[in-house]
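Enquirer: Need coordinates for the following:
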Amino acid sequence: MQQDIAALRKQRHRSFMMKGVAFAVASGICYGLYTAFLTLGETQGVWGAWFAGEAWNGNAPLSAFAITFTLAALAAGLNDLFSGLWSLVMCAKNGQLGDLRKTIATKPGRVMMLCAAIGGPFATIAYVVALNSATAAGNPGVIVPIAALNCAIGAVLGRILFKQSLGAHKIAGVLVCLAAAAAIGGTSFANMGPEALFGCLFAFLAAFGWGFEGCVAGFGTVLIDYRIGIAIRQLTAGLLELVIAFPVLAAIGGDIASVPTILAGAITDPAIVIFAISGLFAMPAFSFWYKGNSMCGTALGMACNGMYAFWGPFFIWIVLGVLNIGGMSANYPPLSIMQWVGALIMVAGIFLIAVNPADHLAKRKEQNNEE
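Expert: Numbering: from 1, shown residues only. Down below sits the predicted model:
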């Protein structure tokens, strides 16, 4: 009888873990879709004129600084704000608006806001700058695996900041990820030129920001329902990006007077629908990550989510190339063979950070002995 109960418990635990893995894998897929539609939105309507350096709606062309940084803050803010609004809809559907209001005043709620400040105005804007630079060079997908270094960077930061263990398998995984990133970046620079190097640099900054966010988020995400957590995170990030980062960057670039006109142009352009779609996918990209981490463990959850190193370039290729929605040619290049190999090696390195092969083999041996 006791053996039957123990076997049933193991079966339920395994089933619970597998559901968590499924959530984490789905988060990586949604991350790839959100990246693809965000990139697509910035090729359409008034955005196409902005990035082409053309006059728009009777206004003068934007400066190079505004095209590189100010528009990145605007795009990131629109995406994250839409993601937050979709999250509010989900909270309302599940009767959690009251819990959301109460959670904001708690310490875990404030931790989530801190995560948003790190992952939004810093990491997400850096990510969009990287995407735009790589798009200008001809291949936005190439920077996504570099941004996926956040798992490796998070492991190193966890050791430095919080004295977390960094075993041999994690060190090996970090080295594998760095080697893959170097291969992708080197190939990109050889094929695409300086724009690719600029994009890879900002992708690395995004990875650093998300890696730091992952370290800080551990406390808040354990104590907050994942739907409430993502609503707080995305609404805070979207508002910080639109209300603070966007006008501040415009002021630095000397375009502060154009902020209302640029914002109005973005909101009234039909491309706003595409940003709503990218925000729709950004919501599960983060919320499923939180949910998966709580079910299968942060390490394995981050590894499964880190598969966006593959899904990002894949969906950019499908949406902008194969479907030819974004005005790219039908044979729009995804990644070169070397870059695809690098992306897959990156995924392997992320799994090596998350899962100790020795522990896995020991568990398998134990299970075989029991059987």
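
Enquirer: just checking, Ala343 touches Trp311?
Expert: No: the criterion here is C-beta atoms under 8 Å, and Ala343 misses it with Trp311 at 9.5 Å. In this view, the C-beta of every residue, glycine as well, is placed from N, C-alpha and C.

Enquirer: Between those two, tell me which one has more neighbours.
Expert: Neighbours were counted for Ala343 and for Trp311 using other C-beta atoms under 10 Å; Ala343 has more, 29 against 26.

Enquirer: What is whichever helix or strand that one is part of packed up against?
Expert: Per DSSP states H and E: Ala343 is located in helix 337-354. Contacts defined by 3 or more C-beta pairs under 8 Å, 6 or more residues apart in numbering; DSSP states H and E place helix 337-354 against helix 144-147, helix 150-162, helix 168-192, helix 298-305, helix 308-316.

Enquirer: Just give me the lowest mean pLDDT stretch among those.
Expert: Per-stretch mean pLDDT for these is lowest at helix 298-305 (a mean of 65).

Enquirer: And the helix holding Ala343, what's buried?
Expert: Buried residues in helix 337-354, counted by 16 or more other C-beta atoms under 10 Å: 339-340, 342-343, 345-347, 349-354.

Enquirer: just these: which has the poorest pLDDT?
Expert: Ala354 (66).

Enquirer: Asn57 contacts Gly265, correct?
Expert: Yes: at 6.0 Å, Asn57 and Gly265 qualify as touching, with contact defined as C-beta under 8 Å.

Enquirer: Common neighbours of these two, please.
Expert: Val46 (C-beta atoms under 8 Å, 6 or more residues apart in numbering).

Enquirer: State the pLDDT value of Leu335.
Expert: Confidence score, pLDDT, at Leu335: 69.

Enquirer: Let the chain start at 51 from now.
Expert: Sounds good: first residue 51 from here, last item Leu385.

Enquirer: Between Asn107 and Gly315, point out the one with more neighbours.
Expert: The residue with more neighbours, out of Asn107 and Gly315, is Gly315; 20 against 11, by other C-beta under 10 Å.

Enquirer: Quick one, grab the pLDDT at the closest residue to that one other than its chain neighbours.
Expert: Computed as C-beta to C-beta, 6 or more residues apart in numbering, the closest residue to Gly315 that is not its neighbour in sequence is Val96, at 4.9 Å. Listed pLDDT for Val96 reads 94.

Enquirer: Next, count neighbours for Val96.
Expert: If we define neighbours as other C-beta under 10 Å, then Val96 has 19 of them.

Enquirer: Contact partners for it?
Expert: Counting by C-beta under 8 Å, 6+ apart, Val96 makes contact with Trp106, Asn107, Gly315, Ala316, Asp319, Ala321.

Enquirer: Reduced to three states, what does it come out as?
Expert: helix (DSSP: H, G, I helix; E, B strand; the rest coil).

Enquirer: What separation is there between it and Ile317?
Expert: Noted for Val96: a distance of 10 Å to Ile317, by C-beta to C-beta, to the nearest Å.

Enquirer: List the contacts of the residue nearest to Gly170 when sequence neighbours are not counted.
Expert: In this structure, Gly170 finds its nearest non-sequential neighbour in Ala287, 2.7 Å apart by C-beta to C-beta, 6+ apart. Neighbour list for Ala287: Ala126, Asp130, Gly134, Ala166, Ala167, Gly169, Gly170, Pro171, Thr174 [criterion: C-beta under 8 Å, 6+ apart].

Enquirer: Look up which helix or strand Ala287 falls in, please.
Expert: helix 276-289.

Enquirer: ok now that helix, how far from the chain's centre?
Expert: 14 Å (C-alpha atoms, centre = their mean, to the nearest Å).

Enquirer: now the most centrally placed residue in the chain: how far from Thr174?
Expert: In the chain, the residue lying closest to the centroid (C-alpha atoms, centre = their mean) is Tyr81, at 5.8 Å. For Tyr81, the distance to Thr174 (C-beta to C-beta) stands at 12 Å.
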